[in-house]
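>>> Return a 3D structure for these sequence lines:
(2 chains)
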Amino acid sequence: MDEFLQKMTERDYKEGFVTEVEQEYVPKGLDENIIRTISAIKGEPGWLLDFRLDAFRKWLTMKEPHWGHLNLPPIDYQDIIYYAAPRKDSDRPKEIDPALMETFDKLGIPLNEREMLAGVAVDAVFDSVSVTTTFRKTLAEKGIIFCSFSEAVREHPDLVRRYLASVVPVGDNFFAALNSAVFSDGSFCYIPKGVKCPMELSSYFRINAAGTGQFERTLIIADEGSQLSYMEGCTAPMRDENQLHAAVVEIIVEKDADVRYSTVQNWYPGDAQGRGGILNLVTKRGICRGEGAHLSWTQVETGSAITWKYPSTILKGDNSSSEFYSVALTNNRQMADTGTKMIHIGRNTRSRIVSKGISAGHSENSYRGLVMVNPGAVGARNRSQCDSLLIGSDCGAHTFPVIRNSCPSSTVEHEATTSKISEDQLFYCRQRGISEEDAVALIVGGYAREVLSRLPMEFAVEARKLLSVSLEGAVG
Amino acid sequence: MDNCTMDNELQTDNELQMNRVFLIGRDEIPRKVRLDSGDTLSWTLVFLPCAGADVKVDLDVNLCGPGSSLDLAGIYICPTDEKLSLNIKVKHSAEDCSSSQLFKGLAGGCSRAVFDGLILVEHGAQRTKAVQESHSILLSERAVAEVHPQLEIYADDVECSHGATTGFLNEEEEFYMRSRGIPEAEAKRLQTISFLAPVLARLPENLRNEIISKC
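Reported below is the predicted structural model:
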């Protein structure tokens, strides 16, 4: 059994290639001049530069958070390149570099609209810039704005200015402040009143250049009565050094709007000895501003050396609701500290948390969450369920929930269990002619089904594959 | 089994009382307890209403001997402005140990009840069974109940779970009783008693009656 486990934990990371493409960088390091340079390259208005500088000054006074159940390696913030972009050919400035086209093709994200999966619009971000956004015309007919963040700043400055940092304030936390100072590109999305988005929108993030960090910023606004399903995917090359990824995602959900945000995170996790890998330090937060608003988070976390991520919802509008569905898988030396925050402010607000952790190898997997019910949240209801599955005797699975209830008419329930794949279950499958690996995939798939079934179809297939690949060889 | 009494002589006794009821604020509760092979510890912690109280209980139980077991329960009633903080750490260091915890409490007035419970299963503590439950009921607008039920697990052959709830007295149950002629106050009292019953059953009769009379 042990040998089998050993074998199964060895995995291939097929997205680990590097694209040879000419890139331009800003010099290494971080100071006000670098921020001015980034802002100038992007041709930003003055208010945005001031926003960045203000964030940078706040960041200087802040300390790196170490409360996570993680071994965060020391990060030298002066040893990172904060902006890297593929050089544009002056001959054909309109077209996409074929090398980049090929990269995204290889990753299964064709940028050519004819080849696209019908019904999914993609914003592809390569290092610090957005390469292209597909289906923009189709979406524009409905009044939907879907473009890169830089374009949004140029074309819709009023919207950006009104909503930027309205959910995640500049000084919210160390990494959010860093992101606010140096963010490069990301996606911007606005769904007007009463519009149901006709296709899935998605962002695909790719880190390519060595020694860089990726600091994307995503802003999603769903106006009254609108509907949107948003997906996010990410990969990076295999390298021996850690690379930093500090993103901020803000979602604003107005009255009766419905937003589903799904993530399949597959950053490079480092090798079996724990060398290299992405440090994924992300702040994601949404606010249900209006009555009856709904925000649903679904995440499948399989990559990254370190994951520090707590997609949260502020339930401000009466009768608004939110869900958090998560599968986090760690293997080898990966460490994940992830969970959610549900803050109940409005009356009759509801939230539901389902977190499934799977740890294998020498990894550490933690759920950390907060459910807070404010005194005015009359009739609020929360139900959380956090399960952990341990594969092998050298890994750790932890649960750190905090429940703070100050409303006597609300109900909060939390439940957590920890268990392993039993020999009996495996034996049962083996007896019926299912190979050990398939049996493990079957059991893990069944364990995570509640979450996977929430993903949009294209993603669900990928996530299922990812789970079985990531676990290749991990059970006992 | 007179170890359930609140006799002061018992605290001076160095020998660990394996089966005991402690009154928080009156009895001295050991901060650190070590359980050796085959030990079975069964303790119940009780916090009775006491206006103005600000109490913190730290209890650290380490199951070091294979096959040892812990059975811990607690009850707290905070009707006015009590501040109670229960900080319970159960560490499993050996194989084949089991632990169970059950805490029930009421928070009214502007009281604040915090339950901070950690189950830590060390590497190699295989075949551990650990259960932790904490339930609280909020009786007023200004009361706060805070729960941190934590699990830290470094072994794979374990069965660990925790459950935590905070809520209010069920209105349907109350309606059922009132429709059968039971007055509102009495119905609420019955509900409260039934909520606390699993822990009340562990207490000596005189203490149990005292708590019931205060509900």
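>>> Just after the worst-scoring helix or strand of chain B on mean pLDDT, pick out the following helix or strand.
Lowest mean confidence among the helices and strands of chain B (mean pLDDT, DSSP states H and E): helix B:9-12, at a mean of 36. The element immediately downstream of helix B:9-12 (helix or strand, assigned by DSSP states H and E) is strand B:19-23.
>>> Now do the helix or strand that comes right after that next one: which elements does it pack against?
Sequence order places strand B:32-35 as the next helix or strand after strand B:19-23, per DSSP H and E. Helices and strands touching strand B:32-35, as assessed by 3 or more C-beta pairs under 8 Å, 6 or more residues apart in numbering or on different chains; DSSP states H and E, comprise strand B:54-63. Quick note: C-beta positions are derived from backbone N, CA and C, even for glycine.
>>> Quickly run through the sheet partners of the strand it packs on, with directions.
Strand B:54-63 sits in its sheet next to strand B:32-35 (parallel), strand B:83-92 (parallel), going by DSSP bridges.
>>> which residues in chain B form strands?
B:19-23, B:32-35, B:40-47, B:54-63, B:69-78, B:83-92, B:98-107, B:112-121, B:128-138, B:144-153, B:158-167 (DSSP state E).
>>> Take the ones you listed and write them to JSON lines, including distance to residue A:272 and mean pLDDT.
Formatted as JSON lines, the strands of chain B follow (distance: least, C-beta to C-beta, whole Å; pLDDT from 0 to 100):
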{"stretch": "strand B:19-23", "distance to residue A:272": "49", "mean pLDDT": "91"}
{"stretch": "strand B:32-35", "distance to residue A:272": "38", "mean pLDDT": "91"}
{"stretch": "strand B:40-47", "distance to residue A:272": "42", "mean pLDDT": "93"}
{"stretch": "strand B:54-63", "distance to residue A:272": "33", "mean pLDDT": "94"}
{"stretch": "strand B:69-78", "distance to residue A:272": "38", "mean pLDDT": "94"}
{"stretch": "strand B:83-92", "distance to residue A:272": "29", "mean pLDDT": "95"}
{"stretch": "strand B:98-107", "distance to residue A:272": "35", "mean pLDDT": "95"}
{"stretch": "strand B:112-121", "distance to residue A:272": "25", "mean pLDDT": "94"}
{"stretch": "strand B:128-138", "distance to residue A:272": "28", "mean pLDDT": "94"}
{"stretch": "strand B:144-153", "distance to residue A:272": "22", "mean pLDDT": "93"}
{"stretch": "strand B:158-167", "distance to residue A:272": "25", "mean pLDDT": "90"}
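>>> Could you dump those into a markdown table and include mean neighbour count?
Formatted as a markdown table, the strands of chain B follow (neighbours: other C-beta atoms under 10 Å in any protein chain shown):
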| stretch | mean neighbour count |
| --- | --- |
| strand B:19-23 | 18 |
| strand B:32-35 | 18 |
| strand B:40-47 | 20 |
| strand B:54-63 | 18 |
| strand B:69-78 | 23 |
| strand B:83-92 | 21 |
| strand B:98-107 | 22 |
| strand B:112-121 | 23 |
| strand B:128-138 | 23 |
| strand B:144-153 | 24 |
| strand B:158-167 | 22 |
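>>> Point out where the stretch 301-450 of chain A drops to low pLDDT.
Within the stretch 301-450 of chain A, not a single segment meets pLDDT under 70.
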